[in-house]
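[1] For reference, the sequence and a predicted model appear below.
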Amino acid sequence: MVPFLLLCLLIFHSGVVTAQVLGDTLQQGGLMNATNSLMSSQKKFSMRFFDGYLGRYLGLYYNNIQFGSNPLWVGNRNTPVNLTSVLSVESESGYLIVSSDLGTTDSPPIMVLYNSSMGFNRTATLLDTGNLVLREGGVTLWQSFDYPTDTLLPGMKLGFNHKTSSAWLLTSWMNENDPSLGAFTLEWDSRERGLVVKFRGKVHWTSGKLRNNIFEKMVSNIDYKYINHSDVEREDYFSYTVDLEDAHLSMPDSPGWKLTYNGNIYEHANEEILIAAVDNCYGYNTNRSKNTSVNNIAGCELFEQPKCRNAMQKFEAQTGFFTSSSDIKFFTNDHITGYSDCKAKCWEDCDCIGFMTNEETECIFSRGSTNPKFHNDGNSNKIYILTTDSTSHSHKKWNKDILVVVLILGFYIVVVFSSGILCDRGKNILEAKDNQIQELLEMDRNSELGRHNINDIRFYSFKSIAVATKNFSTDNKLGEGGFGPVYKGEFPKGKVVAVKKLSRKSKQGISELKNELTLVANLQHTNLVRMLGCCIDREEKMLIYDYMPNKSLDLFLFDESKKVQLTWERRFSIIEGISQGLLYLHKYSRLKIIHRDLKAANILLDQNMNPKISDFGLARIFMQNLPEANTSRVVGTYGYMAPEYAMEGIFSVKSDVYSFGVLILEILSGRKNKSFYDVEVPYNLVALAWELWNSDAAFELMDPSLADSCIQHQFMRFTFP
């Protein structure tokens, strides 16, 4: 079994090494992967792959890090690739593509940058302007400047190409860590001859007209030379250059304008100089920032606001997390997008007094009648609280104050008689959540599940879960495990979930529930199943997850009628996805996690057959500097356990790697590890693979249904290195 273990270890622990510079050009047939990069001829810019929250991206950078460490351009912002990422000019077609494979060119491209025509002798060159250009015979076929992301560099255009009916515009990131398309765009308004920032298509800020090389409502410390070109039949655009003789030493030769995820525009990619404070635009055509560096910035557009809001209100960022108190009515999650969408939704909701976001692009709202209480623990979590400028009180007229007092006194008697009912109702709502929190904490006072983690969890009422699952009907039952039954639930707005209900007969259910809440609430990765919340109501204890319509991998893999859907390409993708999830658990998550029960039944498949590692009930948090640990209680599934764990209780990252090796063999063969009953053959899949490896009969291990789709050299890499 040594070759399998070595292969798995290689897959998991091949870290990012120092990038080798390939020069400024990729020849046709050449490729750039995660271990190398392109560098412009004068070393102003570099292009390389970088790791983001959802995967790996192709990024352009200033080569001098003092000018900013953020990417200036992202080639595949909406389609991240996995660990094995490649930029190449294909040898046969000359297409410029970003792909994900294991060092081959057989996998389909993740992102096609250019495929309009086939050709030969093509080159992809990174210029000293930051422009990546695909050329053939001196003719430019494609250039990255035609596809800007969130940063405008000198020579880039904002406007419209009438010949191709395409627009040049900047689009913000979704959030600080997610480069996918966000809420804001920076565009050129050809009619008004100025710049505009739009939020979901609505104008929030304008630069004013361009007069004498100056925008009316925009401040800059750099002497730009603006270019405004208009040709109704060809192009209508705005661009700029920089007078390098006047440029100071701390500024790059090509200073960029960066549109941030909250709509602000900064000078330089490292966000040093704010030139448009769009985040301060609430629809009142006024700038309320107290920051002296932006006092003179105007341009906020006037648009209709909720009647409950006024020009003295705004959201202020704090660090910490909300606490349960009398000021907090309830929390709720909404699947929207990023920070700005959450802010807009809270602003439109008159009961909303604060919000926070997370990496899963969810909003968590706080509603109440007064400012929320929150705990500032100095951590990096940002919350945004609605505040009112105290100076506004001086502008209120005396007769208005009298009117308020009279109204309060007039309704005093009504309030006195109704307060008992209202207080009891509010108390019941708050106590329901507090009771769930207290029960959770009292399950194990020594658990790592502290109150801080609990405040990140959504609590569902038992009634809402019962309605969603049709009172836990057998028709809604998806299956059952050691924890208890799992049900499909559907909430009134159409959200479909999976409800994992603790069986009262389960001996280890309480421990598993605590473990999953501790771990899964802190884990976020595209190849890990996502927990939405929990419900704890006296004896009833449940976990709520995203619903996976294709259920688990074993239902396809070991079913003769369904396994034909698992083509080689799909099995390859599943193996790679599982490896990405494990790599995150072992190396890149905030907590180092050993799963301890990795098997086909615990790999869930979403609607696109993407794998999600699930069932963290037996998982353990591992010290980053600890190579292995020992336990007297061996748990898991025999057949998947590493020998040293099953026999001696020693577990480590290698334990999961062994389980993954067994799982790979099952995926390749379509057979269970313990499905051998012939006395003339080895007793399990691992032993069979070892025997075939020694007898040079590799392909006898292959699932017969893969005969037409399997790529043989990829199969060999997985089984016999």
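    Nice, thanks for sending it over.

[2] Can you give me the buried ones in stretch 37-44?
    S37, L38, M39, S40, K44 (16 or more other C-beta atoms under 10 Å). (C-beta placed from N, C-alpha, C; glycine too.)

[3] Next one: the fourth one from L22, what distance?
    Which is S40. 12 Å (C-beta to C-beta, to the nearest Å).

[4] picking up where we left off before, which one of the buried residues of stretch 37-44 sits closest to L553?
    Of all the buried residues of stretch 37-44, L553 sits closest to S37, with 36.4 Å by C-beta to C-beta.

[5] Can you tell me the SS state at the closest one?
    Per DSSP: H, G, I helix; E, B strand; the rest coil, the local secondary structure of S37 is strand.

[6] ok, back up a step: hmm, which two among the buried residues of stretch 37-44 are most spread apart?
    Within those, S37 and K44 form the most distant pair, 13.6 Å apart (C-beta to C-beta).

[7] Any buried residues in stretch 642-656, and which?
    A642, E644, Y645, A646, I650, F651, S652, V653, K654, S655, D656.

[8] pLDDT on it, on average?
    On average, the pLDDT along stretch 642-656 is 78.

[9] same deal with stretch 155-170?
    pLDDT averaged over stretch 155-170 gives 90.

[10] Alpha carbons of it, in CSV - could you do that?
    Extracted C-alpha coordinates of stretch 155-170, given in CSV (Å, rounded to 0.1, in the frame of the first residue of the first chain):
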residue,chain,number,x,y,z
GLY,A,155,-4.2,53.0,-21.3
MET,A,156,-7.3,51.0,-20.2
LYS,A,157,-10.7,52.2,-21.5
LEU,A,158,-14.1,52.9,-19.9
GLY,A,159,-16.8,53.2,-22.4
PHE,A,160,-18.5,51.4,-25.3
ASN,A,161,-17.2,49.6,-28.4
HIS,A,162,-19.9,50.1,-31.1
LYS,A,163,-18.3,47.6,-33.4
THR,A,164,-18.4,44.7,-31.0
SER,A,165,-21.4,46.0,-28.9
SER,A,166,-19.4,45.5,-25.7
ALA,A,167,-18.8,47.8,-22.8
TRP,A,168,-15.6,48.6,-21.0
LEU,A,169,-16.3,49.0,-17.3
LEU,A,170,-14.9,48.1,-13.8
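
[11] which residues touch it?
    129, 131, 145-146, 148-152, 185-188, 190, 195, 229, 231-239, 241, 254, 257, 259 (C-beta atoms under 8 Å, 6 or more residues apart in numbering).

[12] same thing with stretch 226-243?
    Outside stretch 226-243, the residues that reach it (C-beta under 8 Å, 6+ apart) are 152, 154-163, 168, 188, 190, 193, 195, 210, 213, 222-225, 253-255.

[13] Can you tell me how far the residue lying closest to V520 once chain neighbours are set aside is from W568?
    Excluding its sequence neighbours, the residue lying closest to V520 (C-beta to C-beta, 6 or more residues apart in numbering) is M531, at 4.2 Å. Distance, M531 to W568, by C-beta to C-beta: 32 Å.

[14] do K345 as well
    44 Å.

[15] Then S166?
    Distance from S166 to W568, by C-beta to C-beta: 37 Å.

[16] of these two, who's got more company?
    W568 (20 against 11; other C-beta atoms under 10 Å).

[17] what helix or strand is D236 on?
    Using DSSP states H and E, the element containing D236 is strand 235-242.

[18] Show me what the next helix or strand after that strand is packed up against.
    Next along the chain after strand 235-242, taking DSSP H and E as the criterion, comes strand 257-259. Other helices and strands packing on strand 257-259, by 3 or more C-beta pairs under 8 Å, 6 or more residues apart in numbering; DSSP states H and E, are strand 151-152, strand 170-173, strand 181-189, strand 265-267.

[19] Extract the C-alpha set from the third one and format it as PDB.
    Backbone C-alpha positions of strand 181-189 (Å, rounded to 0.1, in the frame of the first residue of the first chain) are rendered in PDB as follows:
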ATOM      1  CA  LEU A 181     -18.500  40.000  -9.800                       C
ATOM      2  CA  GLY A 182     -19.700  42.400  -7.000                       C
ATOM      3  CA  ALA A 183     -22.400  45.100  -6.600                       C
ATOM      4  CA  PHE A 184     -20.600  48.200  -8.000                       C
ATOM      5  CA  THR A 185     -19.600  49.200 -11.500                       C
ATOM      6  CA  LEU A 186     -17.500  52.300 -12.600                       C
ATOM      7  CA  GLU A 187     -18.600  53.400 -16.000                       C
ATOM      8  CA  TRP A 188     -18.200  56.200 -18.500                       C
ATOM      9  CA  ASP A 189     -21.400  58.300 -19.200                       C
END
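
[20] okay, the angle between the next helix or strand after it and strand 235-242?
    Note on strand 181-189: by DSSP H and E, the next helix or strand toward the C-terminus is strand 194-199. Strand 194-199 runs at 100 degrees relative to strand 235-242, counting by axes from the mean of the first three to the mean of the last three C-alpha atoms, to 10 degrees.

[21] Tell me the strands beside strand 194-199, with direction?
    strand 181-189 (antiparallel), strand 202-206 (antiparallel) (DSSP bridges).

[22] could I get those as JSON lines with distance to S99 and mean pLDDT?
    Formatted as JSON lines, the strands paired with strand 194-199 follow (distance: least, C-beta to C-beta, whole Å; pLDDT from 0 to 100):
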{"stretch": "strand 181-189", "distance to S99": "21", "mean pLDDT": "93"}
{"stretch": "strand 202-206", "distance to S99": "37", "mean pLDDT": "91"}
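
[23] tell me the most buried of those?
    strand 181-189 (a mean of 23; mean count of other C-beta atoms under 10 Å).

[24] In the stretch 451-600 of the chain, mark out all the strands, start to finish.
    Using DSSP state E, counting those that start in this stretch, the strands of the stretch 451-600 of the chain run over residues 458-459, 477-480, 485-490, 496-501, 531-537, 540-546, 592-594.

[25] what helices or strands is the last one leaning on?
    Going back to what we said before, that points to strand 592-594. Using 3+ C-beta pairs under 8 Å, 6+ apart: strand 592-594 touches strand 620-622, helix 653-669.

[26] Restrict stretch 58-73 to CA atoms and write it as PDB.
    Presented in PDB, the C-alpha positions along stretch 58-73 are these (Å, rounded to 0.1, in the frame of the first residue of the first chain):
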ATOM      1  CA  LEU A  58      -4.900  34.100 -12.600                       C
ATOM      2  CA  GLY A  59      -3.800  37.600 -11.400                       C
ATOM      3  CA  LEU A  60      -1.800  40.600 -12.500                       C
ATOM      4  CA  TYR A  61       0.400  42.400  -9.900                       C
ATOM      5  CA  TYR A  62       2.700  45.300  -9.500                       C
ATOM      6  CA  ASN A  63       6.100  43.600  -9.400                       C
ATOM      7  CA  ASN A  64       7.200  46.100  -6.600                       C
ATOM      8  CA  ILE A  65       5.100  45.000  -3.600                       C
ATOM      9  CA  GLN A  66       5.300  48.600  -2.100                       C
ATOM     10  CA  PHE A  67       2.800  49.700  -4.700                       C
ATOM     11  CA  GLY A  68       0.200  47.100  -3.600                       C
ATOM     12  CA  SER A  69      -0.100  43.400  -3.000                       C
ATOM     13  CA  ASN A  70      -3.600  43.100  -4.400                       C
ATOM     14  CA  PRO A  71      -4.200  41.800  -7.900                       C
ATOM     15  CA  LEU A  72      -4.800  44.500 -10.600                       C
ATOM     16  CA  TRP A  73      -6.600  42.100 -13.000                       C
END
